[in-house]
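[1] coordinates only, sequence not included:
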């Protein structure tokens, strides 16, 4: 029996969605947001908004992420990598 792995999430698509979600939860535009953008530099994003962002990204992509590393998230790219590595299910 051969297991078929679902296709990997494309980082560019995850980044685009994460930025839209960050804008939604912060209720502010986040212009120029890239993988290297530090979360503390984003207007209206705090630890609660980070949790909300990850939860909405999980729902959007149909994945479950390991939330044990949330304290290590410092950049938008960290969120993207966390979501892209999530388990489908």
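    Received it, and whenever you're ready, just let me know what you need. All values reported here derive from a predicted model rather than from experimental measurement.

[2] in space, what's closest to residue 38 - neighbours in sequence excluded?
    Spatial nearest neighbour of residue 38, excluding adjacent residues (Cβ to Cβ, 6 or more residues apart in numbering): residue 75 at 5.5 Å. Where you see a C-beta, it was placed from the backbone N, CA and C, and this is true even at glycine.

[3] so where do the helices sit in this protein?
    Secondary structure of the chain by DSSP state H: the helices cover 11-26, 47-61, 76-84.

[4] what's the closest of those to residue 41?
    The closest of the helices of the chain to residue 41 is helix 76-84. By Cβ to Cβ, the value is 9.8 Å.

[5] okay, the helices of the chain, which one's buried deepest?
    Of the helices of the chain, the one with the most neighbours on average (mean count of other Cβ atoms under 10 Å) is helix 76-84, at a mean of 21.

[6] what packs against that one?
    helix 11-26, helix 47-61 (3 or more Cβ pairs under 8 Å, 6 or more residues apart in numbering; DSSP states H and E).

[7] now these as TSV including mean pLDDT and distance to residue 68?
    What follows is those, written out as TSV (pLDDT from 0 to 100; distance: least, Cβ to Cβ, whole Å):
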stretch	mean pLDDT	distance to residue 68
helix 11-26	94	19
helix 47-61	94	12
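
[8] tabulate those (JSON lines), appending distance to residue 84.
    Below are the helices and strands packed on helix 76-84 laid out as JSON lines (distance: least, Cβ to Cβ, whole Å):
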{"stretch": "helix 11-26", "distance to residue 84": "5"}
{"stretch": "helix 47-61", "distance to residue 84": "8"}
